[in-house]
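A.B. asks: Provided below are the primary sequence and the corresponding predicted coordinates.
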Amino acid sequence: MTTLTLSKAIGAGLRQALTDDDRVVLLGEDIGKLGGVYRITDELQEEFGTDRVVDTPLAESGILGIAVGLAYRGYRPVVEIQFDGFIYPAFDQIVSQVSRIHSRTLGAVRMPITIRVPWAGGIGAAEHHSDSPEAYFAHTPGLRVVAVSNPQDAYDMIREAIASDDPVLYFEPKRRYHLKADVDLGARTTTMGSAQVVVAGEHVTVLAYGGTVQTARDAAAAARDEGVSVEVIDLRSLSPVDYPVIEASVRKTGHVVITHEAALTGGLGAELAASITERCFDFLEAAPLRVTGHDIPFPPAKLEGHQVPDLDRLLDGINMALGRVAAPSPVG
């Protein structure tokens, strides 16, 4: 076991992927000589050379276009989008091209592209540096979408994403980059498509992913002091969603709270709530409830504490789901 931060675990996974497969190539703005804004790719260019760890121009559409060409030629490109809000210039490439090429060619061409996205709030950054665009891509057939919450998953899932023949959006919660834990660097687990129960409970199920998983863990610990048993599930995969794990929990608890940093309307929580209702209607004792970001552009740094779901808001949501307090409609 090696103790690593989440960011260092991603870097270790990238290093291992570069070592294991000569077809792996990293592309991104300042990822080489600088080692990336968050130093996740620190020293990788020195170790593997400028042909495999490539500093690109500030042009996200161009970066993805290059990645498509590399994938056509048999490479496994890993693209870094420097900040979540910078992904929109590449949106056409990802949605109109990357997601469709396998289907367009009747399976003849694969797109093994991994798109790393430092993502979401909690760091007090400027506009376009704290967005949560995951629902756009989860809505797009042909893409796999995952979000990591801890160092072990970060290490395992970056390697799985790179090894996958499908294009993968790999979301990294910036505010958890410094989260430390022991990581087994020798393990080869299959985690990318599976949800995980990270806290067992009996009274209410909380679904979380990325940065909100730790918030949900904290809420479960606080609720326990009040006699409420909270089961926390880390979704890990946002597309496809591991519904069997969710269903088993909701059928047991009868109550579900869904939390994410993205805006309420049209967010992933809406799809989860609808699907859970369809699958578990006879077992639900109350409607699924969402605790999310608000329906506004991500606010300036001084106000982001009001936007990102925190411990108090999530505990309020748990109490509302259990009928302990009256719920406004909707909860955002």
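C.D. replies: All right, it came through fine. Keep in mind it's a predicted model, so treat the numbers as computed, not measured. Numbering: from 1, shown residues only.
A.B. asks: list the buried residues for stretch 159-167?
C.D. replies: 159-164, 166-167 (16 or more other Cβ atoms under 10 Å). Where C-beta positions appear, they are placed from N, C-alpha and C, glycine not excepted.
A.B. asks: let me have these in TSV, extended by secondary structure.
C.D. replies: What follows is the buried residues of stretch 159-167, written out as TSV (DSSP: H, G, I helix; E, B strand; the rest coil):
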residue	secondary structure
Arg159	helix
Glu160	helix
Ala161	helix
Ile162	helix
Ala163	helix
Ser164	coil
Asp166	coil
Pro167	coil
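A.B. asks: need those in JSON lines (columns: pLDDT and distance to Ala147).
C.D. replies: Shown next, in JSON lines, are the buried residues of stretch 159-167 (pLDDT from 0 to 100; distance: Cβ to Cβ, whole Å):
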{"residue": "Arg159", "pLDDT": "97", "distance to Ala147": "16"}
{"residue": "Glu160", "pLDDT": "97", "distance to Ala147": "13"}
{"residue": "Ala161", "pLDDT": "97", "distance to Ala147": "11"}
{"residue": "Ile162", "pLDDT": "98", "distance to Ala147": "16"}
{"residue": "Ala163", "pLDDT": "96", "distance to Ala147": "18"}
{"residue": "Ser164", "pLDDT": "97", "distance to Ala147": "15"}
{"residue": "Asp166", "pLDDT": "97", "distance to Ala147": "16"}
{"residue": "Pro167", "pLDDT": "98", "distance to Ala147": "16"}
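A.B. asks: show me where the chain has helices.
C.D. replies: For the chain, helices defined by DSSP state H occupy the ranges 6-20, 44-48, 60-72, 91-92, 101-104, 134-138, 151-163, 212-224, 243-253, 268-280, 304-307, 311-321.
A.B. asks: and of these, who's closest to His128?
C.D. replies: Nearest to His128, of all these, is helix 60-72, at 11.6 Å by Cβ to Cβ.
A.B. asks: residues in contact with the closest one?
C.D. replies: If you take Cβ atoms under 8 Å, 6 or more residues apart in numbering as the criterion, helix 60-72 is touched by 25, 27-29, 56, 77, 79, 81, 86-90, 92-94, 97-98, 101, 109-113, 115.
A.B. asks: go on, stretch 217-228?
C.D. replies: Stretch 217-228 has contacts (Cβ under 8 Å, 6+ apart) with 198-199, 201, 203-204, 206, 229-232, 311, 314-315, 318, 322.
A.B. asks: closest to Leu179 out of the helices of the chain?
C.D. replies: Evaluated over the helices of the chain, closeness to Leu179 peaks at helix 6-20, with 4.9 Å, by Cβ to Cβ.
A.B. asks: ok, and what's touching that closest one?
C.D. replies: The contact list for helix 6-20 (Cβ under 8 Å, 6+ apart) reads 2, 4, 24, 26, 38-42, 44, 47-48, 52-53, 76, 78, 116, 148, 150-152, 154-159, 162-163, 172-173, 176-179, 183, 185.
A.B. asks: and those residues, which are buried?
C.D. replies: By 16+ other Cβ under 10 Å, those give 4, 24, 26, 38, 40-41, 44, 48, 52-53, 76, 78, 116, 148, 150-152, 154-159, 162-163, 172-173, 176-177, 179, 183 as buried.
A.B. asks: Ile246 versus Arg28, what's the distance?
C.D. replies: Just to correct that, residue 28 is Gly rather than Arg. Relative to Ile246, Gly28 is positioned 34 Å away (Cβ to Cβ, to the nearest Å).
A.B. asks: with Ile63 instead?
C.D. replies: From Ile63 to Ile246 the distance is 35 Å (Cβ to Cβ).
A.B. asks: which ones are touching Leu143?
C.D. replies: Listed by Cβ under 8 Å, 6+ apart, the contact set of Leu143 reads 94, 98-99, 137, 166-169, 239.
A.B. asks: just flag the most distant two among those.
C.D. replies: Once Cβ to Cβ is applied, the contacts of Leu143 give Val98 and Ser239 as the farthest pair, at 13.9 Å.
A.B. asks: so which of the two has more stuff around it?
C.D. replies: A count of neighbours by other Cβ atoms under 10 Å puts Val98 above the other of Val98 and Ser239, at 26 against 21.
A.B. asks: thought Pro112 was touching that one, still the case?
C.D. replies: No: taking contacts as Cβ atoms under 8 Å, Val98 lies outside contact range of Pro112: 10.4 Å.
A.B. asks: identify the contacts common to the two.
C.D. replies: Common neighbours of Val98 and Pro112, counting by Cβ under 8 Å, 6+ apart, are Pro167.
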